[in-house]
Structure formats: C-alpha cells, structure tokens
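Asker: how would this look folded up:
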Amino acid sequence: MKKLTERLVSWASILDDSAEAQARTASTMPFIYPHIALMPDAHLGLGATVGSVIPTLRSVIPAAVGVDIGCGMIAVKTQFTAETLAEKLTAGGHTLRELREQIERAIPLSAGKYNGKIVATAAPRVRELEELAEANGFDPAGYAANWRLQLGTLGSGNHFIEVSVDEDNNVWLFLHSGSRGVGNKIAQHHIKVAQKLADTWWIGLPDRDLAYLVEGTPEFARYIAELNWAQRFALLNREEMMDRVIRQLAELTGTSVLEQDRINCHHNFTQREKHFGKDVWLSRKGAISAREGELGLIPGSMGTASYVVEGLGNEMALHSSPHGAGRSYSRSAARKTFTRDQLREAMTGIEYRDTDAFLDEIPAAYKPIDQVMVDASELVSVRHTLRQIVNVKGD
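Answerer: Numbers count the residues shown, from 1 in each chain. Predicted coordinates for the structure are as follows:
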C-alpha cells in the first residue's frame, strides 16, 4: 500500500499520471471518509478512476458508481474435468467450436441485441423485477421500453462468456455482464440530475462528473431506489445467462450439469457499509467486496488467467479488491497499436471467434493480470486459477 495523500491510498504498482490525478481530485470532495482506496487495476474513468473504492458521508456521486450499474461476474464450477468434457463432446460428435456457437445462439451478444421473447427461465426473474420496480414507485419502461427482453443478454466491450479449467483441471463456466441498456440509461439520467442540481445551487466542482446527490432529498431517494433495482437486474441477468450456458453444455454433452459452486458478485455498485466507525455509502467502481472469507471473482483479459479469490478483509482497502486487469490502452489506441495476428497469437489454444472486432480487447491492451494479483496479495488470497478453453464475446 502507498499513501498518496491523507485521503488517498493505493495498491497499484502500475498507475499512469492521468489516473492518479483524477483520483487525487476525487479525494478532495468534502464528504469523502476516511479515504479513497485505489485498487491494483486502477485506470482513468468518468469523473472517478475505474478501480477505486469511494466512501461518502450522506451523499453519493452517480458517476462514481459507473454507467453499467451492477456490472460483475458469475462463475459456476461443474462436475466435469477437461478430460471428461472432451470425452463427452467427442462421444456425441461435438467440438468446443460447436459449444461456442451454441452459446452464441442461446444468448444475444453485442450492444443493442436483445431477446425475441421472454423465455421460461427469464419469466420469474422478470416478474421479480416488475414487483421490485412497483414497490419502489417507478417504471423501468420509462428508461427502456424493452427492458424485459434485455434480461439474459451479454452486451459488448469487455463482457464475455468463457469455459475455463482450473489448476486441478476442473471445468468452470464464467461470465461478465451488467445491467445492459436499461441500467446505462438509469445511470446517465441521475448523473445529469446531479449536475443540474450543482448548477442550480451554484456548487463548484473540480470535475463536473463529480456531481453528487445528498441524502434526505427526493433526488437521492429516487436514485438509490433505481440503483438498487438496476443492481438486482444485473445480478439476475448473469444468473439467466449462466442458466442458458449450463443448458447448452448439458445438451451437447448429454449429461446434466452438477453445480459444485456458484459465485455471483458486482464490481460497479453502491451499498451502505460501516468503515472506521461511521456509516458510509461505499461505491466500488471497478472493485469487488472482499470481506474476510468472502468469495469473489477477478477476471483477467481476453486470453489470460482469471481467479476465484477469498477476501482478507483489509480495513485500509475498505474490504475491497480489484475487479480485473485494468486497461493500459484506450480502445482506439489499442486498435492503432496491435494487429489481428498478435491477437491470434495471444489466443492460441482457445476456441474463440476470430475477428478484428475484438482487437481492442487484446491482452496487451490491459495491465498484466499477474502483476495485478501480486499487488492484491494484501487484499485477497487465490483459491483457483482459471485458464480459458472457450471464449464468447459480442462485437
């Protein structure tokens, strides 16, 4: 850990000047208590640094939660080993490529791609979200008329679905996604509300994206209600997609999938927590909760290792840990820097869709996940190390 200021501490051994400057600026907000904790994967974000843990007294900065509210990971450990999976697929005349293609058919991929209907597994989850929205007095259709059809869809960018194998050759199913278009629109709306309030009340801000909402106001209450709804949507979205992946695996192997473990965790979210003697709103923007003994998931980049971890409950880190590798290159810079042949080399031995669309996701565009995990050694212990054998992404 490195103490950058009285209100900013960092576990990032790789941190560019712009990200550090952004974090320093955010830490000057008067309601930060006791300090912002930068995770090993910290990099430049909107208003607040991605990979930061931001505790606030009686207020929340909507942009510090992020625009993909509730984005996170889910992983399921199956009964298969790499060997038994290969045997089952071969016996049925199937391949890993067919498994990837089946998953791609079962789950809508890419931005703007949604389900054509509400399937049986999604129906009870949609009902739960309808009831939650009604109880909180808002209609999600005001943000996205087709939000029900968004449940069970992946998105694009760094969202993915993977079949992976751990150090004992056990097969895991692993995916990353959030609250999709409806969550994004909820976030964007409340960021604008906070900015408008700052303008109305002549509140000076070091960065317009640090506009905040104050506890006890109608605007704050509405944001928290809709935030909680979007966080629940994101969790259920991952559950729905995982159920579909399991179904595809079962169909191709001719064997029911027996879940040994299921872990589902957010890494863009806010919740009430107590730290250093005070109740705060803790916003983890690109960070997971890592209380002592709590299981979590830290994915690497496309083509690198991912980790199942156990929290160590580090108090200075506000019981948090990194959420992934963290970008070193912007998407546009990555496209200018790297080639498709380099991506192919990085993905050697992994079944994936070979396309230029994923060039900005090449592992070299991210911090080395091994270094991130070394930096996180005070925050989590590694339970399992996963290597991909199938990767599914949206354009």
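
Asker: residue 205 contacts residue 197, doesn't it?
Answerer: No. Between residue 205 and residue 197 there is no contact under CB atoms under 8 Å: 10.9 Å. (Glycine included, C-beta is placed from N, CA and C.)

Asker: mutual contacts of the two, please.
Answerer: residue 211 (CB atoms under 8 Å, 6 or more residues apart in numbering).

Asker: from residue 10, how far off is residue 273?
Answerer: Separation of residue 273 from residue 10 (CB to CB, to the nearest Å): 20 Å.

Asker: between the two, which is the more surrounded one?
Answerer: residue 10 (25 against 17; other CB atoms under 10 Å).

Asker: ok, that one touching residue 1?
Answerer: Yes. The pair residue 10 / residue 1 is scored as a contact, 7.1 Å apart, by CB under 8 Å.

Asker: identify the residues contacting the nearest residue in space to residue 44 that is not next to it in sequence.
Answerer: Spatial nearest neighbour of residue 44, chain neighbours left out: residue 19 (4.7 Å); criterion: CB to CB, 6 or more residues apart in numbering. Residue 19 sits next to 42-45, 49 when contact means CB under 8 Å, 6+ apart.

Asker: name the element residue 19 belongs to?
Answerer: Assignment of secondary structure by DSSP states H and E places residue 19 within helix 17-27.

Asker: for the very next helix or strand once past that helix, name the packing helices and strands.
Answerer: On the C-terminal side of helix 17-27, the closest following helix or strand by DSSP H and E is strand 36-43. Packing partners of strand 36-43 (3 or more CB pairs under 8 Å, 6 or more residues apart in numbering; DSSP states H and E): strand 8-10, helix 17-27, strand 50-56, strand 320-322, helix 369-375.

Asker: pick the most deeply packed of these.
Answerer: strand 320-322 (a mean of 31; mean count of other CB atoms under 10 Å).

Asker: what pairs with it, parallel or antiparallel?
Answerer: strand 287-289 (antiparallel) (DSSP bridges).

Asker: how far off centre is the helix or strand following the partner strand?
Answerer: Downstream of strand 287-289, the first helix or strand assigned by DSSP H and E is strand 295-298. Counting by CA atoms, centre = their mean, to the nearest Å, strand 295-298 is centred 11 Å from the centre of its parent chain.

Asker: for stretch 62-82, same thing?
Answerer: 5 Å.

Asker: could you pull out the helices for the protein?
Answerer: Secondary structure of the chain (DSSP state H): helices at 17-27, 62-65, 82-91, 96-106, 123-135, 147-150, 180-200, 218-253, 331-337, 340-346, 369-375.

Asker: can you give me the neighbour number for residue 377?
Answerer: Residue 377 has 12 neighbours, counted by other CB under 10 Å.

Asker: next: the one 10 residues further on.
Answerer: For residue 387, the tally of surrounding residues (other CB under 10 Å) stands at 19.

Asker: how about residue 334?
Answerer: 19.

Asker: can you check residue 220 too?
Answerer: Residues near residue 220, counting by other CB under 10 Å, number 21.

Asker: in the sheet, who's paired with the residue most central in space within the chain?
Answerer: For the chain, residue 72 is the residue whose C-alpha lies nearest the centre (CA atoms, centre = their mean; 3.0 Å). Note on residue 72: beta-bridge partners by DSSP bridges are residue 177, residue 266.

Asker: that one against residue 176, yeah?
Answerer: Yes. Counting by CB under 8 Å, residue 72 does reach residue 176; the two are 7.3 Å apart.

Asker: what pLDDT does the model give residue 301?
Answerer: You'll see residue 301 listed with a pLDDT of 89.

Asker: cool, residue 395 as well?
Answerer: On pLDDT, residue 395 comes in at 87.

Asker: count the residues that sit near the nearest residue to it once chain neighbours are set aside.
Answerer: Of all residues not flanking residue 395 in the chain, residue 357 sits nearest, at 4.2 Å (CB to CB, 6+ apart). Residues contacting residue 357 under the criterion other CB under 10 Å number 13.

Asker: how close does residue 232 get to residue 342?
Answerer: Distance from residue 232 to residue 342, by CB to CB: 39 Å.

Asker: neighbour-wise, which of the two wins?
Answerer: residue 232 (18 against 14).

Asker: ok, that one - contacts?
Answerer: 70, 128-129, 132.

Asker: dump those residues into CSV; add pLDDT and neighbour count as well.
Answerer: Below are these laid out as CSV (pLDDT from 0 to 100; neighbours: other CB atoms under 10 Å):
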residue, pLDDT, neighbour count
70, 98, 29
128, 98, 13
129, 98, 21
132, 98, 17
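
Asker: from the residues you listed, which is closest to residue 223?
Answerer: Nearest to residue 223 among these, counting by CB to CB, is residue 70 at 13.8 Å.

Asker: residue contacts, the nearest residue to the closest one once chain neighbours are set aside?
Answerer: Of all residues not flanking residue 70 in the chain, residue 234 sits nearest, at 2.8 Å (CB to CB, 6+ apart). Contact analysis of residue 234 by CB under 8 Å, 6+ apart lists 68-72, 177-180, 183, 266.
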